[in-house]
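sequence first, predicted coordinates after that:
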Amino acid sequence: MLPASYSVYKWVFFHSKLICQSIITTLTTTHSLTHLDIVIANAGITGALTPVSTIPLPDLKSVLDTNTIGPILLFQATLSLLLKSPTQNPKWIAMSTISSSIERLDRTATYATAAYGLSKAALNFVTRSIHFQEEKVVAVAVHPGWTKTDMGNESARFYGMAEAVVEVGDSVRAVFGIVSFFSCPEMGEEEKCEMGDERANAMTD
């Protein structure tokens, strides 16, 4: 027999998907939206600031729901509109974090962001998979920097800092600068992807 928590999770997942579909229906009918050129999965939560050894499992589920499952539902709900983009180059952008990088764990593993990093690493996998599975969609995960949002400042105070490092306006401009340079390689614009990679690396260093 499946645990009761599975039934609750299944109910939440089902109704979250209905909510996403309802929003898209409203946009296409009430507001006559015919296409989307870009979708940015920006919402996220940090969860408990702990190492792996002490992650509260209910908290981990909540973080995964918001940071990983949520973007998947958003992508599924918006894909048909992205594919109708007249730009022929629709973009799916996921807000990620340097804490999700497996390669950089030697620098970030001491951060007490196990649940957050884990959820964003899963989001990176999802985003990269979309890039290869959907030929007409450019999918990119972006690290926006340690930004002075409520979430960024809260984690900064956890580490004894007054606030985070990056101004919100600077982060937004940098993210859009990166996004504007990404394009499908098969469209003959590989140099834009290379420039985008360089800008992404500059933000994460």
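Yep, it's here.

tell me how far the helix or strand L123 falls within lies from the chain's centre.
When secondary structure is defined by DSSP states H and E, L123 falls within helix 114-133. Between the centre of helix 114-133 and the centre of its chain there are 8 Å (CA atoms, centre = their mean, to the nearest Å).

need the mean per-residue confidence for it.
The pLDDT scores in helix 114-133 average 92.

so after that helix, what's the next helix or strand?
Beyond helix 114-133 on the C-terminal side, the first helix or strand identified by DSSP H and E is strand 138-142.

run the chain-centre distance for that next one.
Mean-position distance between strand 138-142 and its chain equals 9 Å (CA atoms, centre = their mean).

parallel or antiparallel, which strands does it pair with?
strand 91-95 (parallel) (DSSP bridges).

give the other helices and strands that the helix holding L123 contacts.
When contacts are defined as 3 or more CB pairs under 8 Å, 6 or more residues apart in numbering; DSSP states H and E, helix 114-133 packs onto helix 57-64, helix 70-82, strand 91-95, strand 138-142. Yep, even glycine has a C-beta here, placed from its N, CA and C like the rest.

can you point out the buried residues in it?
Buried residues in helix 114-133, counted by 16 or more other CB atoms under 10 Å: 114-124, 126-127, 130-131.

kindly report the same for stretch 49-68.
Under the neighbour-count criterion of 16+ other CB under 10 Å, stretch 49-68 has I55, L60, K61, S62, V63, L64, D65, T66, N67, T68 buried.

cool, stretch 96-106 as well?
In terms of neighbour count (16+ other CB under 10 Å), stretch 96-106 has its buried residues at S96, T97, I98, S99, S100, S101.

equivalent analysis for stretch 42-49, please.
G44, T46, G47, A48.

can you check stretch 79-99 too?
Neighbour-count burial for stretch 79-99, counted by 16+ other CB under 10 Å, picks out 79, 81-82, 85, 89-99.

nearest to S171 among the buried residues of stretch 49-68?
N67 (17.7 Å; CB to CB).

ok, the closest one - contacts?
Contacts of N67 were listed using CB atoms under 8 Å, 6 or more residues apart in numbering, and they are G44, I45, Y116, S119, K120, A122, L123.

ok, T28 next?
If a contact means CB under 8 Å, 6+ apart, then T28 has T34, L81 as its contacts.

now do R157
So R157 contacts E163 (CB under 8 Å, 6+ apart).

got the angle between the helix or strand containing it and helix 114-133?
In this assignment (DSSP H and E), R157 forms part of helix 150-158. Angle between the axes of helix 150-158 and helix 114-133 is 140 degrees (criterion: axes from the mean of the first three to the mean of the last three CA atoms, to 10 degrees).

return the set of buried residues in helix 150-158.
Residues of helix 150-158 classed as buried: G152, N153, S155, A156 (neighbour count, 16+ other CB under 10 Å).

and the furthest pair within the contacts of N67?
Of all pairs drawn from the contacts of N67, the one with the longest distance (CB to CB) is I45 and A122, at 14.2 Å.

domain assignment for this structure?
Structural domains assigned to the chain are 1-33, 35-204, following automatic domain parsing.

tell me, which of those domains is the model least confident about?
Note on these: lowest mean pLDDT is at domain 1-33, with a mean of 66.
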